[in-house]
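Peer 1: Sharing a model prediction with you, sequence too.
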Amino acid sequence: MTHSHEKMIIIGAGAAGFTAAIYAARANLSPVVLAGLQPGGQLTITTDVENYPGFADVIQGPWLMQEMQQQAENVGTRVIYDIATAIDTSQHPIHIQLDGGDSMTADCLVIATGAQARWLGLESETIFNGRGVSACATCDGFFYKGRDVVVIGGGNTAVEEALYLSNLCNSVTLIHRRDSLRAEQILQERLFKRANLSVEWNYTVTEIVGDSTGVNAVNLQSTTDNSEKQISAHGVFIAIGHDPATKPFQKNVELDDEGYIKVKPGTTLTSAKGVFAAGDCVDKIYRQAVTAAGMGCMAALDAEKFLASLSD
Ligand code: NAP
């Protein structure tokens, strides 16, 4: 088992983590990225990306992440393919335990572990993922312009996604398992005013139906009387929540009720000294690659200032 000490360790190899690494490496902080076993974050399970600025033509999510990693390495980042299983911020430097048995200490830490969309768990959902099934309307809604889509869920995300899609699509049907939404009242009012938006109350999706061309319908089952029906749809947007990947840090940094890391507003400072957080493990509202990258930049700049204060 080995032990090393680093100036800065970044946990997470998505848009936030690699952007933090690019900025930190260029500030001569020799950052180490703990990339886990599947680096690249949510963009590696995305296909076409049309909304990341700087690329006039469509790019692929996995390619974008390879480029970000290469860019970070080119300016002096070291990438380690291991998982942080626990951290200890009670003493300084911060202690990090790795899954492979090694341990590390760091003068500062950036947590950029992201979040994962929750899925319904249907086999057909996996089959049509990226070919009709999506968990991000802002990312994929454009591909369903003028078509019929459904959104599943009853929270703020589901209603915001439905409203966003109603500006692009022919029709949007929100499917919710209960008879009332948990989304904020103001969002509900907007939803009920849209002419091309309707709600299927008390239904769950039992199957996503399609063929080699993609999705063409969803099968629904009533949660009140078990009756079944089918509605046609070309796009299925799952909006039933996200799980931030913050479990290893719950004893060290303050989390909100849903497990997202709390930061001082307008910064990336967490409740623990020398620990910064960026990207989807903090942000449950925007959840975009470009906003995660922006927060990664902020984390590197905040961390740099912290390190300077240590040497003072
Ligand atoms: P959420 O509030 O947890 O809502 C998830 C929704 O999905 C609920 O309506 C839930 O139904 C439904 N659901 C969960 N599992 C399901 C399943 N297996 N099958 C069918 N439906 C299922 O998640 P969210 O909307 O993503 O919001 C997460 C947090 O971010 C919240 O705190 C929210 O306020 C915040 N947020 C804020 C904004 C904003 O301020 N603009 C925007 C987006 C999100 P039930 O209602 O029956 O439980």
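Peer 2: Nice, thanks for sending it over.

Peer 1: number of nearby residues for the closest residue to the ligand within the stretch 51-200 of the chain?
Peer 2: At 2.5 Å from the ligand, residue 155 is the closest residue in the stretch 51-200 of the chain, using CB to the nearest ligand atom. Where you see a C-beta, it was placed from the backbone N, CA and C, and this is true even at glycine. By the criterion of other CB atoms under 10 Å, residue 155 has 17 neighbours.

Peer 1: what kind of secondary structure is the nearest residue to it once chain neighbours are set aside in?
Peer 2: The spatially closest residue to residue 155, leaving aside those adjacent along the chain, is residue 182, at 5.1 Å (CB to CB, 6 or more residues apart in numbering). The three-state assignment at residue 182 reads coil, by DSSP: H, G, I helix; E, B strand; the rest coil.

Peer 1: so residue 182 touches residue 153, yeah?
Peer 2: No - assessed by CB atoms under 8 Å, residue 182 is found out of contact with residue 153, at 9.1 Å.

Peer 1: Secondary structure element for residue 219, which one?
Peer 2: Taking DSSP states H and E as the criterion, residue 219 maps to strand 214-222.

Peer 1: residues of that strand that come out buried?
Peer 2: 215, 217-221 (16 or more other CB atoms under 10 Å).

Peer 1: Over to stretch 51-59?
Peer 2: 52, 59.

Peer 1: and that stretch, average pLDDT?
Peer 2: Per-residue pLDDT values over stretch 51-59 give a mean of 94.

Peer 1: Mind listing residues that contact the helix or strand hosting residue 206?
Peer 2: According to DSSP H and E, residue 206 maps onto strand 203-211. Strand 203-211 is contacted from outside by 120, 122, 124-125, 127-128, 131-133, 150, 152, 175-177, 215-223, 228, 230, 236, using CB atoms under 8 Å, 6 or more residues apart in numbering.

Peer 1: Also stretch 94-103?
Peer 2: 1-4, 9, 11, 34, 82-88, 104-109, 272, 274-275.

Peer 1: Any chance of a PyMOL selection covering the buried ones in those residues?
Peer 2: This is the PyMOL syntax for the buried subset of those, where burial follows 16+ other CB under 10 Å:
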select buried, resi 9+11+34+82+83+84+87+104+105+106+107+108+109+272+274+275
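
Peer 1: Where does the prediction get shaky in the chain?
Peer 2: Across the chain, nothing is flagged by pLDDT under 70.

Peer 1: Direction included, what does the strand holding residue 219 pair up with?
Peer 2: strand 203-211 (antiparallel), strand 228-232 (antiparallel) (DSSP bridges).

Peer 1: Tell me how far residue 217 lies from the ligand.
Peer 2: 18 Å (CB to the nearest ligand atom, to the nearest Å).

Peer 1: for the ligand, what are the nearby residues on this structure?
Peer 2: 120, 152-158, 160, 177-178, 182, 204, 240-242, 258, 284-285 (CB under 6 Å from any ligand atom).

Peer 1: Give me the subset of those residues lying in helices.
Peer 2: 156-158, 160 (DSSP state H).

Peer 1: isn't residue 284 right next to residue 259, touching?
Peer 2: No - the pair residue 284 / residue 259 is not scored as a contact, 9.6 Å apart, by CB under 8 Å.

Peer 1: shared neighbours of the two, which are they?
Peer 2: Common neighbours of residue 284 and residue 259 (CB under 8 Å, 6+ apart) are residue 244.

Peer 1: hang on, the earlier thing: so which of the buried residues of strand 214-222 comes closest to residue 297?
Peer 2: Among the buried residues of strand 214-222, residue 215 lies closest to residue 297 (CB to CB), at 36.9 Å.
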